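>>> Got a sequence here, can you build the structure:
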Amino acid sequence: MSKDFDSAFKALRAILERQASTLSVSDDGPRRYCLDAPIGPATLKSWGGKAKRTTIPVAWAEVGKAYVSFHLMGLEAVAASISPELKARLQGKTCFNFTAPDRELFEQLEAVTARSIAALRKAGYCA
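Reported below is the predicted structural model:
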């Protein structure tokens, strides 16, 4: 498999940028792009009623040594709907790894990203 980290990162970043209108960008660099959301009542409850900070990260892309990772909090709520091909890229519960762009998988990932963020909001973890 070829390693085209720059192109993969740019494409994954573009997915996140299309979600940025309803979130805040907390990290915008050449190797990491992160979206945050204000904490919701479920997050506050899980923290024992005391806010640890005002926002939580909901999605980010980051260039690593061996791959470009795409982290998506809220993925568990929609994981049953992802294709086996996309699921093969899943590492752990919330992280997909890529070494090069994959148009078909990135199109799927874009839809999964929107559903995951919506699920976080619906569950009250973010506003």
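
>>> From residue 4, how far out is residue 102?
From residue 102 across to residue 4, the span is 10 Å (CB to CB, to the nearest Å). Glycine gets a C-beta too; all of them are placed from N, C-alpha and C.

>>> repeat for residue 60
Here residue 60 is placed at a distance of 20 Å from residue 4 (CB to CB).

>>> the more surrounded of those two?
Legend: neighbour count by other CB atoms under 10 Å for residue 60 and residue 4, higher for residue 60 (22 against 15).

>>> what bridges to the more buried one?
Residue 60 has these beta-bridge partners by DSSP bridges: residue 34, residue 71.

>>> Could you count how many residues lie near residue 103?
By other CB under 10 Å, 8 other residues sit near residue 103.

>>> Roughly how far does it sit from residue 14?
Computed as CB to CB, the residue 103 to residue 14 distance reads 12 Å.

>>> where do the strands sit along the chain?
Here the chain has its strands, by DSSP state E, at 24-28, 32-38, 55-63, 68-72, 90-91, 95-98.

>>> Can you pull out the residues in contact with the fourth one?
Spelled out, it's strand 68-72. Contact with strand 68-72 is made by 5, 8-9, 12, 15, 57-62, 91, 94-99, 109, 112-113, 116, as judged by CB atoms under 8 Å, 6 or more residues apart in numbering.
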